[in-house]
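**Student:** next come a sequence and a model predicted from it.
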Amino acid sequence: MSRSARTNDRPEPRGQGRPDAGPGDTERRSAPPEGELALPVTVTPALPAVATFGELDMPVALLETLTGRGLNEPFPIQAATLPDSLAGRDVLGRGRTGSGKTLAFGLALLARTAGQRAEPRKPLSLILVPTRELAQQVTDALTPYARPLKVRLATVVGGMSIGRQAGALREGAEVVVATPGRLTDLVERKDCRLDRVKITVLDEADQMADMGFMPQVTELLDQVRPDGQRMLFSATLDRDVDLLVRRYLHDPVVHSVDPSAGAVTTMEHHVLQVHGADKYATATEIAARDGRVLMFLDTKHAVDQFTRHLLSSGVKAAALHGGKSQPQRTHTLAQFKTGDVTTLVATNVAARGIHVDDLDLVVNVDPPSDHKDYLHRGGRTARAGEFGSVVTLVLPNQRRDMARLLSDAGIRARITQVRSGEAELSRITGAQAPSGVPVGGSAPVERPKRGGAPFRGLGTRPGREGGGGESRRSAEARRIAEARKAARVRRGSRG
C-alpha cells in the first residue's frame, strides 16, 4: 500500500526532518497568493466533506452537545477537515481568522482523546497558540464539548501563576492549551512531559512565527511522540510556516478554505483620509458611536493616553496591551463582551485571539505595518458570517504605503476624505459627538474644535504628521504658569 493511501497507519518516526518521498507519493505544488511560498508537500487524498455533523464518526456525547447548542451544519473548514482529522491524518488547514478553525481541530482532538486517562504531568494532546487571549478563547470554546467526554483541559500561559498551572498538570490533564513560552518553562521545571502527546495542534502558526516563537515551537514539537498526529492551521503559509510543514507534517491532507480576509463578502473596508490636526477629533467621534468598536494604535503609551482622553470625553473605553497583567487583560475583555466597555483601545496584542459577538467595527487609528497585521486586526469583525467594517485613518504621507498594503492583502477599499463633525464620517462609522461627561471620575478634557491642535501621542511616531502640535490643556497650563511667574516678579519688585 502506498503512503498516500494510508489513514490511521502512522509512518516512520518524524521530527528530525521530513522523510523522502517514495514511489507511491504524489507531489503537488499549489499556486500561492503573492508573497507566499508554494508548498511542495506529499499529499494524501482528502476524504469527502460532510454536510452535517451527524455524518461524522464522533462520540454520541459530542453530537448531542453540538445539537444542544444549535449547531447542525459545520462551517466550510470544519466540513472539509473533520473527516480527515477524525481518521488520524495530518492536516494542513489554511483559513481566515473567524472561519471556525477552533472546532475544526478541537472536535477531532476531543473525539480521539475521549476515553483515555492522562498520568500526572503527561498530557495526551497539545494545542499550541501564540497569545494568552487565544489560549483562553480556545479553552472556553472547547470546554462545553470536553465536559461530557470527561476530558480534562489545562490552560498554560504566561502572566498567570505558574505554580497553579503546574498543579493542574500534576492532577492530570488530557489536553493542554498552551503558549510556547510558558509550556517551555514548565517542561524545563519537569512539571510537564510531552512524550505521551499523540495529537498536536498548531493554531495561528503564522503568528507564532511572526512573534519569534519558532525556536520554542520546534523544540516542543521534537519532544512529542514522533508517530503522533499533527494538525497545523494558519491564515497565511509563508516561509517559516513552510518549514514547519516540511519538518513535522507527514502526508498531510491540505485544505484551503476562505483563504483571504479580503474575500469575505460580509466585510467592508474603508480608508478615511484625514489630516493630522483633525485625526484626534475624528477618532474620538468614532469611539463615541452607538455600539462597540475595537480601535488599534501603535504603542502602549498611545493606547493609554487615548483611553484616558476617551474616558474624559464620556466614552466607556478601556486599554488592552502587553503592559497589562493577565488578570487585567481578562477583566477588560470580559467588560467589552458584556458591553460595560464600548470602546476597546488596543495594540496588536488584540489582533489575535479575541472573539466578541456582534462586533461590527474595527478601526485602525494607526495603520498596521504590513498586510498580515491588517488581516488579523480586521478578522475581529465579520466572524462566522456576520457583517462588519474595517476603517483605517490615513494621513497624507501614509497614503502610498496604505495602497501598497491593501494590494498585498488582496483588498479593495473605499477611499473617502473626511473631517470630524461631517455627515459622511457618521454615515460610514456611526460617529457622533461624545457626551463630554467623564466616565468613572476622570478629569474633564476640553475637546478641540475641528481643525484644532492634534492630540499629542495619538499613535504618532517621530517624524509622522500630527505629532508636533500643542494641546489646549498644555497651552493653558503654560499660560497660567507664565502669569504666576509674572506675578511673583511684580511682588518681588514691590518688596
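**Tutor:** Received the coordinates, thanks. Numbers count the residues shown, from 1 in each chain.

**Student:** can I assume Leu202 is in contact with Met214?
**Tutor:** No - the pair Leu202 and Met214 does not pass the contact test of C-beta atoms under 8 Å, sitting 10.9 Å apart. For every residue, glycine as well, the C-beta is placed using N, CA and C.

**Student:** could you verify that Val254 is part of a helix?
**Tutor:** No - read with DSSP: H, G, I helix; E, B strand; the rest coil, Val254 is strand and lies in no helix.

**Student:** just give me the neighbour total for it.
**Tutor:** Neighbourhood size, Val254 [other C-beta atoms under 10 Å]: 22.

**Student:** got it, and Val60?
**Tutor:** 8.

**Student:** could you do the one 10 residues further on as well?
**Tutor:** One way to gauge burial is a neighbour count; for Gly70, by other C-beta under 10 Å, it gives 6.

**Student:** next: Leu375.
**Tutor:** With other C-beta under 10 Å as criterion, Leu375 counts 24.

**Student:** and if you look at Arg247?
**Tutor:** Per other C-beta under 10 Å, the neighbour tally for Arg247 reads 15.

**Student:** just the element for it, please.
**Tutor:** helix 239-248 (DSSP states H and E).

**Student:** equivalent analysis for Leu202, please.
**Tutor:** Short version, using DSSP H and E: Leu202 is in strand 199-203.

**Student:** centre of the chain to that strand, how far?
**Tutor:** 17 Å (C-alpha atoms, centre = their mean, to the nearest Å).

**Student:** now the angle from it to helix 239-248?
**Tutor:** 170 degrees (axes from the mean of the first three to the mean of the last three C-alpha atoms, to 10 degrees).

**Student:** beyond strand 199-203, next helix or strand please.
**Tutor:** helix 205-210.

**Student:** for the helix or strand that that following helix is followed by, name the packing helices and strands.
**Tutor:** In the C-terminal direction, the helix or strand that comes right after helix 205-210 (DSSP H and E) is helix 214-221. Packed against helix 214-221 by the contact rule (3 or more C-beta pairs under 8 Å, 6 or more residues apart in numbering; DSSP states H and E) you find strand 125-128, helix 180-188, helix 239-248.

**Student:** do that again at 10 Å, thanks
**Tutor:** strand 125-128, helix 180-188, strand 199-203, helix 205-210, helix 239-248 (3 or more C-beta pairs under 10 Å, 6 or more residues apart in numbering; DSSP states H and E).

**Student:** next, show the common contact partners of Leu202 and Met214.
**Tutor:** Residues touching both Leu202 and Met214 by C-beta atoms under 10 Å, 6 or more residues apart in numbering: 180, 208, 241, 244.

**Student:** now for those residues: which two are most distant?
**Tutor:** Pro180 and Val241 (14.6 Å; C-beta to C-beta).

**Student:** and the helices in the stretch 1-150 of the chain, which stretches?
**Tutor:** 60-68, 76-86, 101-113, 132-149 (DSSP state H, counting those that start in this stretch).

**Student:** now those as JSON lines including distance to Leu361 and mean pLDDT?
**Tutor:** Output for those, formatted as JSON lines (distance: least, C-beta to C-beta, whole Å; pLDDT from 0 to 100):
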{"stretch": "helix 60-68", "distance to Leu361": "31", "mean pLDDT": "96"}
{"stretch": "helix 76-86", "distance to Leu361": "25", "mean pLDDT": "94"}
{"stretch": "helix 101-113", "distance to Leu361": "23", "mean pLDDT": "95"}
{"stretch": "helix 132-149", "distance to Leu361": "19", "mean pLDDT": "93"}
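
**Student:** ok, back up a step: each with direction, which strands does the strand holding Leu202 pair with?
**Tutor:** strand 125-128 (parallel), strand 229-234 (parallel) (DSSP bridges).
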